[in-house]
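J.: Provided below are the primary sequence and the corresponding predicted coordinates.
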Amino acid sequence: MNLTAKISRKKLDQKVSKYASDKRTLEVGAFGSQAYGRFFTNKVGLDIRPGKGVDVVGSVYELPFKDDEFDIVLCMVVMEHLEDPQKAILEMKRVLKRGGIILVSVPFMFPMHDTPNDFWRFTKYGLMHLFKDWEIVEVSAETDMNETLAVILQRVGYQATFYLNKLMKVFIFALAAFISWMPRMTKKIYGGIDRKVEEPEAFASSYFLVAKKN
């Protein structure tokens, strides 16, 4: 049992695997990423820096590709690092064929990471607003409340050091695993403390969106 295996990665892979394809795919923000080649076998990886997983070096704001070149665009855990997400979305839309799809994962209840280049957090409603000119296929939480608490605990383990560091990290990662395995204890979750509107996905660590270019 690997207590340090990322719960967030496992949950995202489950979402992405449903859209596996051999069609021409662009992955934006591919530096260090080897996760999606098994799902998208005809994938081109782009990043602003060269490195493992990167086939083309370039900016998401000026993609070095023709209009309507790709069937699928992947933008996984990238938009929080973009100063201008809306500009990037328009450029990714340009290189996507009509009827093609974009897959996006964005953080919500998630610690800062890759600082200082971490600018945004997105609710699912904010995400839908950004893609209001697309046909939205799916918007869903990547984790339930238990899993979100576990993800945050794991990030504490990854990103902090402690007195009695090794012992504390074993405790933290074990507690995260226990919480993620626990049965869900809530009956209902609401979108505010007035408890007027039910919002089952209020405590997501991240949201996943699939949208089609009209």
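T.: Structure received.

J.: correct me, but Val210 touches Leu103?
T.: Yes - Val210 is in contact with Leu103 according to CB atoms under 8 Å; the separation is 5.5 Å. To be clear about C-beta, it is placed using only N, CA and C from the backbone, and glycine gets the same treatment.

J.: which residues of the chain fall in strands?
T.: For the chain, the strands defined by DSSP state E occupy 25-28, 43-47, 56-57, 70-76, 96-107, 135-141, 206-212.

J.: Check these for me and report the most buried one.
T.: strand 25-28 (a mean of 26; mean count of other CB atoms under 10 Å).

J.: now that one, how far from the centre of its chain.
T.: 14 Å (CA atoms, centre = their mean, to the nearest Å).

J.: Buried residues of the longest helix seen in the chain, list them for me.
T.: The single longest helix within the chain, with elements called by DSSP state H, is helix 165-181. Buried positions in helix 165-181, judged by neighbour count with 16 or more other CB atoms under 10 Å: 169, 172-173, 175-177, 179-180.

J.: Of all pairs in those, which one is the farthest apart?
T.: Greatest spatial distance in the buried residues of helix 165-181: Lys169 and Ser180, 16.6 Å, computed using CB to CB.

J.: about what we covered before: distance to Phe110 for the buried residues of helix 165-181 - can I get that in a markdown table?
T.: Listed next are those as a markdown table, based on distance: CB to CB, whole Å:
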| residue | distance to Phe110 |
| --- | --- |
| Lys169 | 19 |
| Ile172 | 16 |
| Phe173 | 17 |
| Leu175 | 18 |
| Ala176 | 14 |
| Ala177 | 18 |
| Ile179 | 16 |
| Ser180 | 15 |
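
J.: Going by distance to Tyr36, which of those residues wins?
T.: Using CB to CB, the buried residues of helix 165-181 come closest to Tyr36 at Ser180, 23.3 Å.

J.: Would you mind confirming that that closest one is in contact with Thr148?
T.: No - if you go by CB under 8 Å, Ser180 and Thr148 don't touch, sitting 9.4 Å apart.

J.: ok, back up a step: output the strands of the chain in a markdown table; the columns should cover distance to Pro116.
T.: Below are these laid out as a markdown table (distance: least, CB to CB, whole Å):
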| stretch | distance to Pro116 |
| --- | --- |
| strand 25-28 | 20 |
| strand 43-47 | 18 |
| strand 56-57 | 22 |
| strand 70-76 | 21 |
| strand 96-107 | 16 |
| strand 135-141 | 27 |
| strand 206-212 | 21 |
